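Student: The sequence isn't on hand, but the structure is:
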């Protein structure tokens, strides 16, 4: 009733800030704070795609806290990197001691994500890889995302393959899988289902979308047009959706397995390096990826 014509004649939609907006917001919240000369708000703005103004304010405050704890007179790029990790992934779990077996598994798992991403054309460059536990994660791969408004089928397929790269690495190098891939599987399934049900990106099911998107805010259920049921499509369509989601996941998983098998030496080099230093930045990661078996720069390594 509040939104019917005549109540509010003009609606203002406030979206999350783009990269230019984030850079300006960072500059506003940095006023009066001793920012080091090596800090580029433009680079930080690129790294913080999806952050709101409040998130950016929190980022600067956390960076200032890190600088104060380290008795520094200025807030440097290292403090911003640590603050980003804390805001995004939670505090570092220094009290958690991983066994060598778990550490090796996490190293190969994260290396699998990174290597698959590197050899796919529609993924963002890797900014950081770490096996230092934070929050509920044993480690993570941080891409450097771009602000996008349109997403292609190829983009989603590559993102799903990258997300399954950790599980693929565990299967290839250890012959077993762990619970560490549970969140990856959830994200991959969600993307595959969105491709099929919302975006018309399935050749098998074609252009129709499935699901009205309306829901009961109290029951958390989706209601369609067929007699108030939980969905507006048939059992046959539901089976077809499940089969197509499964096909997308299996196809993407096979791509991840192929990339890792074809780049076995790079996987081993990356995982072993992670076990030694625990965290790698973009330059160190790409150096490992761009070296061939004999130490020379590889050419045309892409899929």
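Tutor: Received the coordinates, thanks. Owing to the predicted nature of the structure, the values given are computational and were not obtained by experimental measurement.

Student: burial of residue 31, as a residue count?
Tutor: The number of residues packed near residue 31 is 8, by other CB atoms under 10 Å. C-betas here are computed from N, CA, C, even on glycine.

Student: Residue 141 versus residue 207, what's the distance?
Tutor: Residue 207 sits 34 Å away from residue 141, taking CB to CB, to the nearest Å as the criterion.

Student: Neighbour count: those two, which is higher?
Tutor: Set side by side, residue 207 and residue 141 show unequal neighbour counts under other CB under 10 Å, the larger going to residue 141 at 24 against 8.

Student: What residues does that one make contact with?
Tutor: By CB atoms under 8 Å, 6 or more residues apart in numbering, the residues touching residue 141 are 110, 113, 114, 117, 126, 128, 129.

Student: let's see it at 10 Å
Tutor: 109-117, 126-130, 162-163, 165-166, 280, 285 (CB atoms under 10 Å, 6 or more residues apart in numbering).

Student: for the closest residue to it other than its chain neighbours, what are its contacts?
Tutor: With CB to CB, 6 or more residues apart in numbering as the criterion, residue 141 has its nearest non-adjacent residue at 4.4 Å, and that residue is residue 113. By CB under 10 Å, 6+ apart, residue 113 lies in contact with 123, 126, 129, 139-141, 143, 162-169, 184, 256.

Student: For the stretch 101-250 of the chain, which segments count as helices?
Tutor: Read by DSSP state H, counting those that start in this stretch, the stretch 101-250 of the chain holds these helices, from start to end of the chain: 153-163, 165-174, 182-197, 235-262.

Student: Tabulate those helices in TSV, adding columns for mean pLDDT, mean neighbour count and distance to residue 81.
Tutor: As requested, the helices of the stretch 101-250 of the chain are arranged in TSV below (pLDDT from 0 to 100; neighbours: other CB atoms under 10 Å; distance: least, CB to CB, whole Å):
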stretch	mean pLDDT	mean neighbour count	distance to residue 81
helix 153-163	95	22	22
helix 165-174	95	23	23
helix 182-197	93	17	23
helix 235-262	93	17	28
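
Student: any chance of the ones you listed in a markdown table, with distance to residue 31 too?
Tutor: Formatted as a markdown table, the entries for the helices of the stretch 101-250 of the chain read as follows, by distance: least, CB to CB, whole Å:
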| stretch | distance to residue 31 |
| --- | --- |
| helix 153-163 | 37 |
| helix 165-174 | 41 |
| helix 182-197 | 37 |
| helix 235-262 | 46 |
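
Student: my guess is residue 232 meets residue 211, correct?
Tutor: Yes: counting by CB atoms under 10 Å, a contact exists between residue 232 and residue 211, whose distance comes to 6.9 Å.

Student: That's all I had, so thanks and see you.
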